[in-house]
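>>> Below are the sequence and a predicted model; questions follow.
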Amino acid sequence: VLGFMKQVARGLQMEGNFGTAHVYRSSLNAIIAYRGKDDFAFNEVTSEWLKGFEVYLRSRGCSWNTVSTYMKVLRAIYNRAVDNGYALYVPRLFKHVHTSVCADQRRALEVSDIGNLLCETEKASSCGSLPIELQTTKNIFALMFLLRGIPFVDLAYLRKADIQGNTLKYRRRKTGRLLTVMLTPDAIKLIRIVAKTKPESPYLFPFLSSPEGTEAAYHEYQSSLRMFNYRLSRLKKYMKTAAHLSSYTIRHTWATMAYYCEIHPGIISEAMGHSSIKVTETYLKPFQNEKIDNANSQVISYVKEYASIV
């Protein structure tokens, strides 16, 4: 198992899938921490072994989503091993361990928060005088919302050639889907403010300098992402919001605001470039429950009002 996981991770690294390779190595390290460095055969990976691994991960304080990530990596490795004849197929082997995504926490900003964010983003806001690096972070955060909740990784890799007039065309790095975004005047203004790259650089924004597809570019992206999230944690104090701010907060916020505007989840899925509507429903699940509860309250209020009249 360990040898095969290392082999697959090396292959992903050589193919330029640095992020996926990193996740595979993290999963491998978690298995080694649980099982030890001595290798073992695939026939030792039983339902009981998997449940023990799950319990161990939870005892270490891993979230359910982290558990799901490690289990899905192990399942992918197992399926590859079956295809290559290294393991026998066992039906429903992963049935009793967690491999889904939990959506039990609100990750989106309130309407007032996002409204304040979009207000006067090109200069010091009503939140107070911002340091220059936090003003830049705020501009980037607002721009991500205006670009339909674009993920930071896609923003970092945008190229100057991706913009033609007032249209942005790019491919999601996660799914490969081609997205077309009509740029609003506010988005164009923020792009001009943030896009300060050298004339010879193919990139639209100054996050990367190394050629696309290289390990150096991947490390530059990771470094930029860490700095962006760190500055968002500082920006939170100026925005006076209780919401957690991260690179993914704005993506969840766009999806949530679209849902509140009664936009069909299928349209939201297309707008965000999700691989399927099931991914979008994961984003919206906490808010669907809230809307159902509100509907119930309206029904009860209506009945009580009618009863009082009669």
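Yes, it's here. Quantities reported herein were computed from a predicted structural model and do not represent experimental measurements.
>>> Number of residues surrounding residue 261?
8 (other Cβ atoms under 10 Å). (Each C-beta comes from the backbone N, C-alpha and C, glycine too.)
>>> again with residue 111
As a burial measure, residue 111 scores 12 neighbours (other Cβ under 10 Å).
>>> so who does the nearest residue to it once chain neighbours are set aside touch?
The shortest distance from residue 111 to any residue that is not its chain neighbour, by Cβ to Cβ, 6 or more residues apart in numbering, is 7.1 Å, and that residue is residue 257. Contact analysis of residue 257 by Cβ atoms under 8 Å, 6 or more residues apart in numbering lists 108, 111, 114.
>>> Show me where this structure dips below the pLDDT cut-off.
Across the chain, the stretches falling below the confidence threshold (pLDDT under 70) are 101-107, 120-128, 281-293, 295, 300, 302, 304, 306-310.
>>> give me the element the residue nearest to residue 111 is part of.
Following DSSP states H and E, the helix or strand that holds residue 257 is helix 249-260.
>>> What separation do you get for the residue nearest the centre of the chain and residue 28?
Most central in the chain under Cα atoms, centre = their mean is residue 248, positioned 5.1 Å from the mean C-alpha point. Using Cβ to Cβ, to the nearest Å, residue 248 is found at 25 Å from residue 28.
>>> just residue 298 next, same as before
In this structure, residue 298 and residue 28 are separated by 51 Å, where distance is defined by Cβ to Cβ.
>>> ok, now residue 224?
With distances defined as Cβ to Cβ, the gap from residue 224 to residue 28 amounts to 26 Å.
>>> what does residue 134 give?
Relative to residue 28, residue 134 is positioned 37 Å away (Cβ to Cβ).
>>> next one: residue 299
The gap separating residue 299 from residue 28 is 52 Å, by Cβ to Cβ.
>>> now residue 265
Residue 265 sits 36 Å away from residue 28, going by Cβ to Cβ.
>>> One more: residue 212?
Relative to residue 28, residue 212 is positioned 27 Å away (criterion: Cβ to Cβ).
>>> Can you pick out the residue with more neighbours from those two?
Comparing residue 212 with residue 28 by other Cβ under 10 Å, the one with more neighbours is residue 28, at 20 against 12.
>>> Tell me which helix or strand that one sits in.
Mapping residue 28 onto the secondary structure by DSSP H and E places it in helix 18-35.
>>> From the contact counts, what lies against that helix?
On a contact count with 3 or more Cβ pairs under 8 Å, 6 or more residues apart in numbering; DSSP states H and E, helix 18-35 meets helix 2-14, helix 47-59, helix 64-83, helix 215-239.
>>> same thing but at 6 Å, please
The elements that helix 18-35 packs onto, with contact taken as 3 or more Cβ pairs under 6 Å, 6 or more residues apart in numbering; DSSP states H and E, are helix 2-14, helix 64-83.
>>> Distance to residue 145 and mean neighbour count added to the ones you listed, as TSV?
Rendered in TSV, the data for these read as follows (distance: least, Cβ to Cβ, whole Å; neighbours: other Cβ atoms under 10 Å):
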stretch	distance to residue 145	mean neighbour count
helix 2-14	32	15
helix 64-83	23	18
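>>> Residue 169 should be in a strand, yeah?
Yes: when the secondary structure is assigned by DSSP: H, G, I helix; E, B strand; the rest coil, residue 169 falls within a strand.
>>> residues in contact with it?
Contacts of residue 169 were listed using Cβ atoms under 6 Å, 6 or more residues apart in numbering, and they are 162, 180.
>>> how near is it to residue 182?
Taken as Cβ to Cβ, the span from residue 169 to residue 182 is 11 Å.
>>> Spit out the residues that contact the two alike.
When contacts are counted by Cβ under 6 Å, 6+ apart, the set common to residue 169 and residue 182 is empty.
>>> was I right about residue 57 contacting residue 67?
Yes: in this structure, residue 57 sits in contact with residue 67. The criterion is Cβ atoms under 6 Å, and the distance is 4.9 Å.
>>> With adjacent residues omitted, what lies nearest to residue 147?
Closest residue in space to residue 147, ignoring its immediate chain neighbours: residue 181 at 5.6 Å, by Cβ to Cβ, 6+ apart.
>>> can you tell me how far the one you found sits from residue 262?
Here the criterion is Cβ to Cβ. By it, residue 181 lies 21 Å from residue 262.
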